[in-house]
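**Q** need coordinates for the below:
(4 chains)
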Number of protein chains: 2
Amino acid sequence: MIQNTARPRGRPRSFDETRAVEKAIQVFWSKGFDGVTIDDLVAGMGVGRPSLYAVFGDKRAIFLRALRAYAERKGASAARELFSPQGLRDSIAGFLRYNVERATEKGSARGCLLECVAPLVDDAEVRRFLQSTVAGGAALVERRFRDGISAGDIPPDFPVALRASQVTDIARGLTMRARLGTPRKTLLKDAEEAADLVLLPRLKAIGKQKL
Amino acid sequence: MIQNTARPRGRPRSFDETRAVEKAIQVFWSKGFDGVTIDDLVAGMGVGRPSLYAVFGDKRAIFLRALRAYAERKGASAARELFSPQGLRDSIAGFLRYNVERATEKGSARGCLLECVAPLVDDAEVRRFLQSTVAGGAALVERRFRDGISAGDIPPDFPVALRASQVTDIARGLTMRARLGTPRKTLLKDAEEAADLVLLPRLKAIGKQKL
DNA sequence: CTAATTTCGAACTGTTTGATACTATAATCG
DNA sequence: CGATTATAGTATCAAACAGTTCGAAATTAG
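**A** Predicted coordinates:
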């Protein structure tokens, strides 16, 4: 009685489903959606062609699954980074640094599956998913800003929604630069500067005078 | 003697080369590089298949030509926007607004050929071109900041290079959001806010105190 | 040990795609 | 007007590709 749940009847699989999805992420990430052939997935995922269709479905289905897995992982890590016990500036800087690190990792493709690859996929469900993911990211940062207000780190009239979308815009910009080959070091420095940009106190009263 | 320059010998072309390139831009822009087939280009450019190969070369060559044409047009317009006679804040805001408008134009695909499509093309020359284009964009904004210092709009110690890369990062972020379907109105508002963000005076002395 | 069940691997099939050859057409030149 | 030149349109070819079929292999149930 090694396992309590009965092992499935037939021949056991020679691949791990979760691991195969991780591999699929890498394949799509490095080659884009249209650039990937089924053979690429067969080779990259270590799953035989018929099993691939039987277990995962066609290319679109595999991509959607990879996308969801990627977004879930990244979202969770980003939230961890944002809400770990530290000051607000370090939270925001950590969030941006994390984005840069993920986008410049050795061994993986540069950039981000969600930002560099998925937007090109001409598919309604992909678009819907991306929109909600983007909104979710901004909402996460916004919540962190609100926590900052509660903690007294920033004044109550801090424009949380605006600053949150600015933070995520900058994150997107950094990620795109990563894709194009800007070195990690440069981007990490820019991440720090961006955190300062959105947070350092400014003279409110001056407002939009002519500059 | 209708034309002074002798018309070429043989049968005249049924297409305008420049217009064909413009059409190619649209095709690549909406479908991505790998998503475009030669038939798409034949249909979209209004050029017969053999003429296409004879005049433009293969898909990669057509893409490079479209990319250069697109970048040249966009770069020139961006510079016009930045250096038209107006205050610094309006120049920067105008630059960002222009990016948003181009990325949300009706009739064209959303987003930007340089930022949403080209980075996925696995080609050394494309990468090199993109890097230099990105650097050129930031340099343009930086020059505008320097002009702003000369004009006394911002203090001489204004971090021109840093702010320039922040402006272009935000522009990239706005463009990506455009691709994902964020409405133009929202993005235009965010463009204005971004101009304020990088320009509004701040209390320098406070620096990186804990927030 | 045999039957049933599930997966694996190789081979197959119809379609799409990139690229080219061939013939017809439209212009200039002498 | 005929020769020359360059493009247009059709047809074609080989390679790549998506998706399926089929027999062999591996495991459990009885």
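**Q** which element is the closest residue to DNA strand C within chain A on?
**A** Among residues of chain A, the one nearest DNA strand C by Cβ to the nearest atom of the strand turns out to be residue A:10. It sits 1.8 Å away. C-beta: built from backbone N, CA, C; applies to glycine. Residue A:10 is part of no helix or strand when elements are defined by DSSP states H and E.
**Q** quick check: phi and psi at it.
**A** When quoted as degrees, to the nearest 10, the phi and psi of residue A:10 stand at phi -80, psi -160.
**Q** run a quick neighbour tally on it.
**A** By other Cβ atoms under 10 Å in any protein chain shown, the residues close to residue A:10 number 6.
**Q** list the contacts of the residue nearest to residue A:160 when sequence neighbours are not counted.
**A** Take residue A:160 and drop its neighbours on the chain: the residue closest to it by Cβ to Cβ, 6 or more residues apart in numbering or on different chains is residue A:145, 4.0 Å away. Residue A:145 makes contact with A:88, A:154, A:158, A:160, A:163-164, according to Cβ atoms under 8 Å, 6 or more residues apart in numbering or on different chains.
**Q** tell me where chain A has helices.
**A** With DSSP state H, the ranges of helices along chain A come out as A:17-31, A:38-45, A:49-56, A:59-83, A:88-103, A:124-150, A:160-179, A:184-199.
**Q** which of those sits closest to residue B:132?
**A** Closest approach to residue B:132 among the helices of chain A (Cβ to Cβ): helix A:160-179, 13.4 Å.
**Q** distance from that closest one to the middle of the chain?
**A** 12 Å (Cα atoms, centre = their mean, to the nearest Å).
**Q** now stretch A:101-116
**A** On the basis of Cα atoms, centre = their mean, the separation between the geometric centre of stretch A:101-116 and that of its chain is 9 Å.
**Q** so what touches it?
**A** A:25-26, A:28-30, A:66-67, A:70-71, A:74, A:77, A:99, A:117, A:130, A:133, A:172, A:174-176, A:178-179, A:181, A:183-184, A:187-188, B:119-120, B:176.
**Q** ok so, going back, of the helices of chain A, which stretch is the most buried?
**A** Mean neighbour count, computed with mean count of other Cβ atoms under 10 Å in any protein chain shown, is highest for helix A:160-179 among those, reaching a mean of 24.
**Q** CA atoms of that helix as CSV?
**A** The C-alpha atoms that make up helix A:160-179 are tabulated as CSV, following Å, rounded to 0.1, in the frame of the first residue of the first chain:
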residue,chain,number,x,y,z
VAL,A,160,-3.1,55.6,-5.7
ALA,A,161,-4.7,54.5,-8.9
LEU,A,162,-2.7,56.9,-11.1
ARG,A,163,0.6,56.0,-9.4
ALA,A,164,-0.2,52.4,-9.7
SER,A,165,-0.8,52.5,-13.4
GLN,A,166,2.4,54.6,-13.7
VAL,A,167,4.4,51.9,-11.9
THR,A,168,3.1,49.2,-14.1
ASP,A,169,3.7,51.2,-17.2
ILE,A,170,7.3,51.7,-16.2
ALA,A,171,7.5,48.0,-15.4
ARG,A,172,6.3,47.3,-18.9
GLY,A,173,8.8,49.7,-20.4
LEU,A,174,11.7,48.1,-18.4
THR,A,175,10.6,44.6,-19.6
MET,A,176,10.5,45.7,-23.2
ARG,A,177,14.0,47.1,-22.9
ALA,A,178,15.1,43.8,-21.3
ARG,A,179,13.8,42.0,-24.4
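**Q** which elements pack onto it?
**A** The contact analysis (3 or more Cβ pairs under 8 Å, 6 or more residues apart in numbering or on different chains; DSSP states H and E) places helix A:160-179 against helix A:88-103, helix A:124-150, helix A:184-199, helix B:160-179, helix B:184-199.
**Q** now the angle from the first one to helix A:124-150?
**A** In this case it means helix A:88-103. Comparing the axes of helix A:88-103 and helix A:124-150 via axes from the mean of the first three to the mean of the last three Cα atoms, to 10 degrees yields an angle of 150 degrees.
**Q** what sits against the spatially most central residue of chain A?
**A** The centroid of chain A falls nearest to residue A:74 when counting by Cα atoms, centre = their mean (4.5 Å). With Cβ under 8 Å, 6+ apart as the criterion, the residues that contact residue A:74 are A:102, A:112, A:114.
**Q** next one: the last one from residue A:9, what distance?
**A** Distance of residue A:114 to residue A:9, computed by Cβ to Cβ, to the nearest Å: 38 Å.
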